[in-house]
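Q: here is my input, please return the structure:
(one chain, ligands or ions: 1)
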Amino acid sequence: MEPIAWPDGKRFAFTVFDDPDGQSLSTGHVVYGLLRDLGLRTTKGVWTLPAADVPSEYGITCGEPAALAWFQELQKAGFEIGYHNATLRTSPREDTELALRRFAEFFGDQPITMAQHYDCDENVYWGDERLTGWRRGVYNLATRFANHHKFKGSTEGHPYYWADLCHTRVQYLRNFVFGDINTLKSCPMMPYHDPRTPLVRFWYASSGGANVTAARRLLHEANQDRLEAEGGACILYTHFGHGYVEGGAMDRRVRDLLGRLSRKNGWFAPVATLLTFLRNRGSPHRLTDAERRALEWKWLREKLTSGTA
Ligand SMILES: [Zn+2]
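A: Residues are numbered from 1 along each chain as shown. Reported below is the predicted structural model:
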């Protein structure tokens, strides 16, 4: 792969999409206080609406005035606010429509970077629809058909359908998560459009780090140094609400690792800024059948051996 000339002579890129699962306001303050001090500007995923009934997860939403004010403050400080479905559980189309309208009111009417919450049946092209051919069969056997025809967001006419709204509003949607810190090495064509999933404008990949333990591993010194040497880009997939803050303090190991990373000559911009930069390097990438097969197989192989998202 040709080395990328990052902006301002930077040697590599690093950012985060933080899914809001399990995150309280006090946890958020600790984590984002650190990121802000270190000069890392990343993407904070939010739920727009409060959960109507018993949620499957805990986590603050824009439905709480104090949380909304804090999200808006983060946005002013240069963080991107990303979208993590309407709320913590499955939403019908009218709720998704309302959530997208509210999101625009709260954060401005710009194209959205999104990561889908695992437990929302309105997800688009999700579950076994992420794969084609025999790979779908292998995936269904490995997951005991738990995600077979489960997700309805791209099924026209279904009450959960919203893929048309996704096409209008969402610019970048997360798909495969890989184990290598250098996301670009796993998915050099990102952001890419897949003609098989026409209502998603662009997909992007990420590197997993789902919780504090996985993040300690991914952000290990040797991996940081390799990311830098390869001139790559990392989009960390994580939940800052999952174990990063104990007793009001940031996990020391992750704090040190992020500090070390921040002192390198890296480009630390939010996910949309990074993806738009990559997209503008040439004409938008249209995924070929061969690329799709290779990407799916790489992800499936990693999923079967290490259980990535
Ligand atoms: Zn989630």
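
Q: flag every residue of the stretch 1-150 of the chain that's near the ion.
A: Proximity of the stretch 1-150 of the chain to the ion, by C-beta under 5 Å from the ion, involves residues D19, D21, H117. In short, each C-beta sits where N, CA and C put it, glycine included.

Q: show me which of these is closest to P270.
A: D19 (14.8 Å; C-beta to C-beta).

Q: got a list of what the closest one touches?
A: Each residue near D19 by C-beta atoms under 8 Å, 6 or more residues apart in numbering is listed here: G45, H84, A115, H117, Y237, T238, H239.

Q: rerun that using 10 Å as the cut-off
A: 44-47, 57, 59, 82, 84-85, 115-118, 174, 210, 237-242, 309 (C-beta atoms under 10 Å, 6 or more residues apart in numbering).

Q: next, the residues that contact the helix ranked longest in the chain from outside, please.
A: Criterion DSSP state H: the longest helix present in the chain is helix 289-306. Outside helix 289-306, the residues that touch it by C-beta under 10 Å, 6+ apart are 130-136, 138-139, 142-143, 175-180, 186-190, 192, 194-197, 203, 205, 208, 214, 285, 287-288, 308-309.

Q: so of these, which ones are in strands?
A: Of these, the ones assigned to strands by DSSP state E are N175, F176, V177, F178, Y192, W203, A205, G208, H285.

Q: for the second one, which non-adjacent residue is closest in space?
A: Yep, that's F176 we're talking about. Spatial nearest neighbour of F176, excluding adjacent residues (C-beta to C-beta, 6 or more residues apart in numbering): W299 at 4.3 Å.

Q: which among the contacts of D19 count as buried?
A: For the contacts of D19, a neighbour count by 16 or more other C-beta atoms under 10 Å gives the buried set as 44-47, 57, 59, 82, 84-85, 115-117, 174, 210, 237-242, 309.

Q: surely L287 and P195 touch.
A: Yes. Contact criterion C-beta atoms under 10 Å: L287 and P195 qualify, at 7.2 Å.

Q: for the closest residue to the ion within the stretch 201-309 of the chain, grab phi and psi.
A: Of the residues in the stretch 201-309 of the chain, the one nearest the ion is H239, at a distance of 6.9 Å by C-beta to the ion. The phi/psi pair for H239 (degrees, to the nearest 10) reads phi -120, psi 100.

Q: do the same with L173
A: phi -130, psi 130.

Q: that one: how many residues sit nearby?
A: 24 (other C-beta atoms under 10 Å).

Q: and it, what are its bridge partners?
A: In this entry, L173 is beta-bridged to M114, W203, by DSSP bridges.

Q: residue contacts, it?
A: 83, 112-116, 123-126, 166, 191, 197, 199-204.

Q: could you redo the last one with a cut-off of 6 Å?
A: M114, V200, W203 (C-beta atoms under 6 Å, 6 or more residues apart in numbering).

Q: go on, T90?
A: T90 touches C120, D121, E122, counting by C-beta under 6 Å, 6+ apart.

Q: sketch out the low-pLDDT regions of the stretch 51-200 of the chain for me.
A: For the stretch 51-200 of the chain, residues meeting the criterion pLDDT under 70 lie at 53-56.

Q: now do the helices in it.
A: 65-76, 93-107, 133-142, 163-169, 183-186 (DSSP state H, counting those that start in this stretch).

Q: out of the ones you listed, nearest to A233?
A: helix 183-186 (4.4 Å).

Q: next, the distance between the ends of stretch 206-216.
A: 16 Å (C-alpha to C-alpha, to the nearest Å).

Q: hmm, it in reach of the ion?
A: No. Figure legend: stretch 206-216 not in contact with the ion (C-beta under 5 Å from the ion); closest approach 9.8 Å.
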